[in-house]
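coords please:
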Amino acid sequence: MPSYPATRLRRLRQHDWSRRLYRESNVTVDDLIWTIIVSDGDKMRDPVASLPGVDRINIDELVKDAKRAKKLGVPAIAIFPHINPALKDAVGSEALNPNGLIPNAIKAVKKAVPDIGVIVDVALDPFTDHGHDGVMEGDEIINDITVDALSDGAIILAEAGADIVAPSDMMDGRVGAIRRRLDGSGHHNVMIMSYAA
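Take a look at the predicted model:
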């Protein structure tokens with residue numbers, strides 16, 4: 001195909017009918033992921049002041065929302081944690097608790113709605129008392145130790161029943177390390193969806 005100015009692609013955009021034929025996507029319910037913040041607090045629903053219309057919810061409410069998502073045809077939910085500050089520490093050890101909030105949330109959803117996809121964040125920042133997404137030494141995040149912790153966390157989430165683990169940090173090599181750990185532990189069917197929060 002000749003380059004500009006011999007080729008002018010605007011001819012594909014000139015008429016309504018051609019724009020409709022050539023546009024790239026139509027969003028349907030099949031493209032949606034319901035994002036949910038689950039909390040270990042006592043409240044069923046706790047509004048997030050900075051996000052009007054968004055609530056942190058407990059596991060019972062999470063199960064209700066998962067059932068509602070399934071009924072509406074939403075194929076997957078993404079679960080993010082909001083944990084008690086007393087459980088946070090410098091290395092995010094609560095992220096590695098197999099009986100923690102998110103593993104228990106995954107198990108509850110999969111028991112109630114086994115065929116909905118469950119996506120979970122793999123990160124340390126919700127669990128660290130300093131709020132950074134990694135294990136720190138002074139003012140520096142230590143990449144390799146953090147990648148090991150993320151890989152350990154991904155295994156715990158996979159064993160709880162997660163369908164997709166989604167690392168949201170920026171650590172070098174984390175996707176490959178998590179994939180190797182998942183495959184090495186027999187979790188070949190668990191997908192990785194990497195994104196940066």
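
and I36, how far is that from D144?
32 Å (C-beta to C-beta, to the nearest Å). Every residue, glycine included, has its C-beta placed from N, CA and C.

distance between stretch 183-197 and the chain's centre?
Offset of stretch 183-197 from its chain centre (C-alpha atoms, centre = their mean, to the nearest Å): 11 Å.

List the buried residues for that stretch?
187, 190, 192-193 (16 or more other C-beta atoms under 10 Å).

Next step: those restricted to helices.
Taking DSSP state H, every one of the buried residues of stretch 183-197 sits outside helices.

Would you format the residues you listed as TSV with pLDDT and distance to I102 included?
Output for the buried residues of stretch 183-197, formatted as TSV (pLDDT from 0 to 100; distance: C-beta to C-beta, whole Å):
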residue	pLDDT	distance to I102
H187	97	16
V190	97	14
I192	96	16
M193	92	16
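
now, which of those residues sits nearest D46?
Checking the buried residues of stretch 183-197 against D46 by C-beta to C-beta gives M193 as the nearest, at 26.8 Å.

give the contact list for the closest one.
With contact taken as C-beta atoms under 8 Å, 6 or more residues apart in numbering, M193 is in contact with 119, 164-166.

So which of I36 and D144 has more stuff around it?
More neighbours surround I36 than the other of I36 and D144, with 20 against 12 (other C-beta atoms under 10 Å).
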